[in-house]
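Q: Take this sequence and fold it.
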Amino acid sequence: MSLKVAIVGTGGFSRMHAKILEAMNGVLVSAFCGTSIEKAGQVANEFNANGYDNVDVMLDTEEVDALYICVPPYAHGKVEQAAIDRNIPFLVEKPLGVSDEEPRRLVEQIKRDNLITSVGYHFRYQNSVQQMKRVLQGERVGMLIGKWMGSMPEVAWWRDQKRSGGQFIEQTTHIVDLVRYVIGEVTDVYASYATTSIQKKYDGVSVADVGAVTLTLENGAVASINNTCVLPGHVSEVGLSVYTSNGLLEWNPERVSVKLGNEETDYDNEVNPYERESTAFLHAVQTGDRSKILSSYEDAYQTFKVTEAALRSAKSGERVGIRET
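A: Take a look at the predicted model:
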């Protein structure tokens with residue numbers, strides 16, 4: 001009997017997940033929900049699924065074993081609530097929202113109900129990141145430098161602060177999550193944001209286009225994470241450098257270079273992390289074994305709190321502590 005999966009969202013990530021799910025044995029993509037029946041029907045036809053424009057109607061009509069949520073940051077909340085109310089496990093793409101109110105409310109319900117969840121921090125599933133986490137065990141980390149340098153995505157909601165949350169919440173969250181995953185938790189944040197030039201290229205820009213954020217970690221290490229969206233579309237830099245008393249590691253989305261002691265090794269990413277992410281999530285749905293899920297909603301909320309605190313710090317000009325859940 002096939003595991004029936006429904007997807008909320010009709011964009012590129014929804015199609016990417018659907019293609020991965022379609023290729024898995026014992027999995028059926030049964031339905032899509034979009035902002036209009038036309039959008040939902042178009043993508044649903046590609047996968048021989050049913051289309052809906054209302055998530056409640058879809059979940060009440062279809063037999064759904066697991067839900068994938070691939071919506072813009074401002075659209076989070078109602079969809080997750082619909083899944084929680086029906087005790088349907090869900091995988092949701094990051095970020096969890098644009099402000100702390102909705103994720104904080106949802107995480108309490110998820111913990112109460114012990115619901116199976118997964119969040120799309122796919123870099124955690126890379127071989128290179130697993131190797132980085134392994135070799136850093138026992139190392140004394142002093143500093144980390146992260147970056148997410150690119151261009152502004154060509155969607156109107158992204159340049160709207162109220163709908164996207166800004167670059168640090170929407171994109172650079174991946175770097176913050178890697179810092180937490182391979183090193184440890186963050187205690188406080190200081191951020192400086194500015195809008196320098198991007199408003200001359202696009203109308204209606206309310207997000208910052210440059211940012212510098214300093215994180216203090218529980219183990220005493222300091223992380224400096226910078227981002228920008230002013231670059232032209234063909235230029236980008238994404239990475240994380242980890243400096244230890246024994247050497248350094250340099251990660252990018254393709255590989256991690258390790259220079260620790262006498263070891264100089266490159267570990268390439270040899271797997272599709274999205275496939276591994278879905279395999280782990282659906283294994284948990286089928287068996288109850290969550291050990292292969294590397295980012296639950298509860299864990300991802302800790303990353304969200306750091307990125308949301310950075311926004312508050314940039315607005316106030318003051319250092320902000322990370323709130324306890």
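Q: And the helices in the stretch 1-150 of the chain?
A: Using DSSP state H, counting those that start in this stretch, the helices assigned to the stretch 1-150 of the chain run over residues 12-22, 37-46, 55-61, 78-85, 101-113, 127-135.
Q: between those helices, which gets nearest to residue 323?
A: Distance to residue 323, taken as C-beta to C-beta, is lowest for helix 101-113 among the helices of the stretch 1-150 of the chain, at 8.6 Å. Where you see a C-beta, it was placed from the backbone N, CA and C, and this is true even at glycine.
Q: Could I get the buried residue list for that closest one?
A: Residues of helix 101-113 classed as buried by neighbour count (16 or more other C-beta atoms under 10 Å): 102, 103, 104, 106, 107, 110.
Q: Using a markdown table, lay out the helices of the stretch 1-150 of the chain together with mean pLDDT.
A: Rendered in a markdown table, the data for those read as follows (pLDDT from 0 to 100):
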| stretch | mean pLDDT |
| --- | --- |
| helix 12-22 | 98 |
| helix 37-46 | 98 |
| helix 55-61 | 98 |
| helix 78-85 | 98 |
| helix 101-113 | 97 |
| helix 127-135 | 97 |
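Q: Arrange those helices in JSON lines, one row each, with distance to residue 2 as further columns.
A: Supplementary listing: the helices of the stretch 1-150 of the chain in JSON lines, determined by distance: least, C-beta to C-beta, whole Å:
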{"stretch": "helix 12-22", "distance to residue 2": "11"}
{"stretch": "helix 37-46", "distance to residue 2": "17"}
{"stretch": "helix 55-61", "distance to residue 2": "17"}
{"stretch": "helix 78-85", "distance to residue 2": "19"}
{"stretch": "helix 101-113", "distance to residue 2": "25"}
{"stretch": "helix 127-135", "distance to residue 2": "29"}
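Q: and residue 231, which of those helices is closest to it?
A: Distances from residue 231 to each of the helices of the stretch 1-150 of the chain were compared using C-beta to C-beta; the shortest belongs to helix 12-22, at 20.6 Å.
Q: Return the set of buried residues in that closest one.
A: Residues of helix 12-22 classed as buried by neighbour count (16+ other C-beta under 10 Å): 13, 14, 15, 17, 18, 20, 21.
Q: Low-confidence stretches in this structure?
A: 324-325 (pLDDT under 70).
Q: Could you report the distance from residue 286 to residue 301?
A: Counting by C-beta to C-beta, to the nearest Å, the separation of residue 286 from residue 301 is 25 Å.
Q: Which one of those two is surrounded by more residues?
A: The neighbour comparison of residue 286 against residue 301 (other C-beta atoms under 10 Å) goes to residue 301, with 22 against 14.
Q: would that one count as being in a strand?
A: No - membership of residue 301 in a strand is not supported by DSSP: H, G, I helix; E, B strand; the rest coil, which gives helix.
Q: Just want to check the distance between it and residue 105.
A: Remark: distance between residue 301 and residue 105 (C-beta to C-beta) = 11 Å.
Q: ditto for residue 248
A: Applying C-beta to C-beta, the value for residue 248 to residue 105 is 41 Å.
Q: Could you say which one of the helices of the stretch 1-150 of the chain comes nearest to residue 159?
A: Proximity to residue 159 (C-beta to C-beta) singles out helix 12-22 among those, at 18.1 Å.
Q: tell me the angle of that closest one relative to helix 37-46?
A: 30 degrees (axes from the mean of the first three to the mean of the last three C-alpha atoms, to 10 degrees).
Q: which parts of stretch 281-295 are buried?
A: When neighbours are counted by 16+ other C-beta under 10 Å, the buried residues of stretch 281-295 are found to be 281, 282, 284, 285, 290, 292, 293, 294, 295.
Q: Pull the contacting residues for the nearest residue to residue 93 once chain neighbours are set aside.
A: Here the nearest residue to residue 93 in space, its sequence neighbours aside, is residue 120; by C-beta to C-beta, 6 or more residues apart in numbering that works out to 4.2 Å. Residue 120 makes contacts with 13, 91, 92, 93, 94, 277, 295, as judged by C-beta atoms under 8 Å, 6 or more residues apart in numbering.
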